[in-house]
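*Asks:* 3D, please:
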Amino acid sequence: MIQIYTDGSARGNPGPGGWGAVLISGEHYKELSGGFECTTNNRMELYAVIMALEAIKRANANIVVCSDSSYVCNAVEKGWLFNWERVGFVKKKNADLWIRFLKVFRQHKIKFVWVKGHNGHPQNERCDRLAVEASFGQNLPKDLGYLKSIEQESNLDF
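*Replies:* Okay, here's the model as predicted:
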């Protein structure tokens, strides 16, 4: 079994953002992190999960993802995501990331567990530090998915 812990952060929401992930399998331990120039907290929460899952080399792995994001955990565990997919993600934020998530999600057996954030959970606290540190990085890339969604919202006719 592989345990994944994730967290996302955005300073300003939207603002500079970061994500962090810790992967543990037996004696193996890996940390991942990165950031974007301008993004949202929910995007970084989801992006952390995607990056962790994409880092897994073998298919059909048994994985437990622990996240303090009720947005991510509930979307999967309560089945909201699959309803969003069924209707083509109409009027749903972060569709680009959810579509990317579904590709890797379907390669494994994954259970999501919500953990309370900022509550002293060692791996969650480590992911939070990774995410926040990444949000302060120099020359952060643009979150093109976020920028595209802002552009689309501004072109709506009311």
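*Asks:* I'd say Cys73 and Val113 touch.
*Replies:* Yes: assessed by Cβ atoms under 8 Å, Cys73 is found in contact with Val113 at 7.2 Å. Just so you know, the C-beta spots here come from the backbone N, C-alpha and C atoms, and that holds for glycine as well.
*Asks:* Compare these two (neighbour count), which wins?
*Replies:* Cys73 (20 against 12; other Cβ atoms under 10 Å).
*Asks:* And the more buried one, what's its pLDDT?
*Replies:* Per-residue pLDDT puts Cys73 at 98.
*Asks:* quick one: secondary structure of it?
*Replies:* Secondary structure state of Cys73, per DSSP: H, G, I helix; E, B strand; the rest coil, is helix.
*Asks:* again with Ile24
*Replies:* strand.
*Asks:* Quick one, grab the pLDDT at it.
*Replies:* So Ile24 comes in at 98 (pLDDT).
*Asks:* Around the nearest residue to it once chain neighbours are set aside, how many other residues sit close by?
*Replies:* Distances taken as Cβ to Cβ, 6 or more residues apart in numbering put Gln3 closest to Ile24, at 4.6 Å, once the chain neighbours are dropped. Counted with other Cβ under 10 Å, residues neighbouring Gln3 total 14.
*Asks:* The one 4 residues further on now?
*Replies:* Using other Cβ under 10 Å, Asp7 has 32 neighbouring residues.
*Asks:* and what of the one 3 residues further on?
*Replies:* Each residue near Ala10 was counted by other Cβ under 10 Å, and the total is 26.
*Asks:* How about Lys109?
*Replies:* For Lys109, using other Cβ under 10 Å, the count is 11.
*Asks:* ok so, going back, find the residues that touch each one of Cys73 and Val113.
*Replies:* Shared contacts of Cys73 and Val113 (Cβ atoms under 8 Å, 6 or more residues apart in numbering): Ser67.
*Asks:* follow-up on the earlier one: pairing partners for the helix or strand harbouring the residue nearest to Ile24, with directions?
*Replies:* Assigned by DSSP states H and E, Gln3 falls within strand 2-10. Strand 2-10 has its sheet partners listed here by DSSP bridges as strand 15-25 (antiparallel), strand 62-67 (parallel).
*Asks:* Great, nothing more from me.
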